[in-house]
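Undergrad: return atomic coordinates for the entry below.
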Amino acid sequence: MVVLIVDDEPQIGEVLSAYLQRESFETTVCLDVASALASLEKQRPDIMILDITLPDGSGLDILKQANKQQRIPTIMLTARSDEVDRVVGLELGADDYIVKPFSPREVVARVRAVLRRSTKQPGIQNGEPTIQIKDLQIDPGAHEVRLSGRAIPVTPAEFRILAVLAQNAGQVLTRGQLLDLVHDDGTIFERTLDRHINNLRHKVEPNPDDPAYIVTVYGVGYKLRKD
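TA: Numbers count the residues shown, from 1 in each chain. Below you'll find the predicted structure:
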């Protein structure tokens, strides 16, 4: 497994790299956006650890550029604890957030947890059949979403939400029920659920302002239309 570490503090990159290599990970360390993007062109890592504040931009710039081709599991590092930074990262596809200062052992544990989630989603078994609803196809085994045959890149959190809605198509799920059914491990919160839903609509809906699939039942929750 290859880990791309991007942080403008060389000592942080060195320490994280050393801890990860002890756990049999391969690592690439970059100090800025430009070198990270150059590294991505040469080799796609299995997971990225990105600092938010970099000398020539932001780790969010790397995240956006990387996910244009294929989504890469990502952990964001930041010295700021502002919830706004976390929400922006989640909206762009980040899987986890760690606020500095942190324990390198914690980062290694988070890396393993994100990789586990990205390969096997809680509550979604590989043997489950593909769900087809009009032109929308959700394949739990392949962890793929397709619309009219076209692959739609989604984050692990978005996939879990969409899969649960599809498994309960036609039924209204409250926010509490939806959070319970996704068997979340701390990456989806009630305050960010609406943002995940909004992101999904912009990915799968022909007109996000007039949803044909994921609809809001005001005062109750959400449902996925099956007709």
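
Undergrad: ok, which stretches of this structure are helices?
TA: Along the chain, counting by DSSP state H, helices occupy 10-22, 33-42, 59-66, 83-92, 104-119, 156-167, 175-181, 190-204.

Undergrad: tell me how the chain divides into domains.
TA: Residue ranges for the domains of the chain, per automatic domain parsing: 2-119, 131-224.

Undergrad: do me a favour and get the end-to-end distance for the shortest one?
TA: I take that to be domain 131-224. Using Cα to Cα, to the nearest Å, the end-to-end distance of domain 131-224 comes out at 12 Å.

Undergrad: any idea of the mean pLDDT for that domain?
TA: Throughout domain 131-224, pLDDT has a mean value of 86.

Undergrad: any idea how far that domain is from the chain center?
TA: 14 Å (Cα atoms, centre = their mean, to the nearest Å).

Undergrad: ok, back up a step: single out the most deeply packed of the helices of the chain.
TA: Of all the helices of the chain, helix 156-167 has the most neighbours on average by mean count of other Cβ atoms under 10 Å, namely a mean of 23. Any C-beta I mention is one placed from the backbone N, CA and C, and that applies to glycine too.

Undergrad: quick one: list the elements packing against that one.
TA: Counting contacts by 3 or more Cβ pairs under 8 Å, 6 or more residues apart in numbering; DSSP states H and E, helix 156-167 is packed against strand 131-133, strand 136-139, helix 175-181, helix 190-204, strand 221-224.
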